[in-house]
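Chemist: Provided below are the primary sequence and the corresponding predicted coordinates.
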Amino acid sequence: MRIVLAAVIGGLVMTLWGAFANMVVPIGQMSMKAPVAEDTVLAAVRQGLPAEQGIYVLPHFQESMRIDPAALEAFSAKMKTSP
């Protein structure tokens, strides 16, 4: 009975915290920004990505890059200059 009561109270607390965090704390809106030239960005993305649907992470990192110090350094430099 104590476990069930603790689970119900924990669920209630988490629900209330989730509601508070979504309505009062602006964490979700802090990182959402609009691009300066949206049409230019969309045109570049359409041109530079393949036609198939998916999630593309830019700059791209492959596990084989961990072995090559030059590739890792190039990736690190690209990360520092990329948004």
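Modeler: Sure, I can see it.

Chemist: Tell me the secondary structure at the nearest residue to residue 61 once chain neighbours are set aside.
Modeler: Distances taken as Cβ to Cβ, 6 or more residues apart in numbering place residue 75 nearest to residue 61, at 5.9 Å, with adjacent residues excluded. Any C-beta I mention is one placed from the backbone N, CA and C, and that applies to glycine too. For residue 75, the secondary-structure state derived from DSSP: H, G, I helix; E, B strand; the rest coil is helix.

Chemist: By mean pLDDT, which helix or strand of the chain comes out lowest?
Modeler: helix 27-30 (a mean of 72; mean pLDDT, DSSP states H and E).

Chemist: Whichever helix or strand comes after that helix - contacts with which helices or strands?
Modeler: Where DSSP states H and E defines the elements, the next helix or strand beyond helix 27-30 is helix 38-48. Packing contacts for helix 38-48, counted by 3 or more Cβ pairs under 8 Å, 6 or more residues apart in numbering; DSSP states H and E, involve no helix or strand.

Chemist: which other residues reach helix 38-48?
Modeler: residue 35 (Cβ atoms under 8 Å, 6 or more residues apart in numbering).
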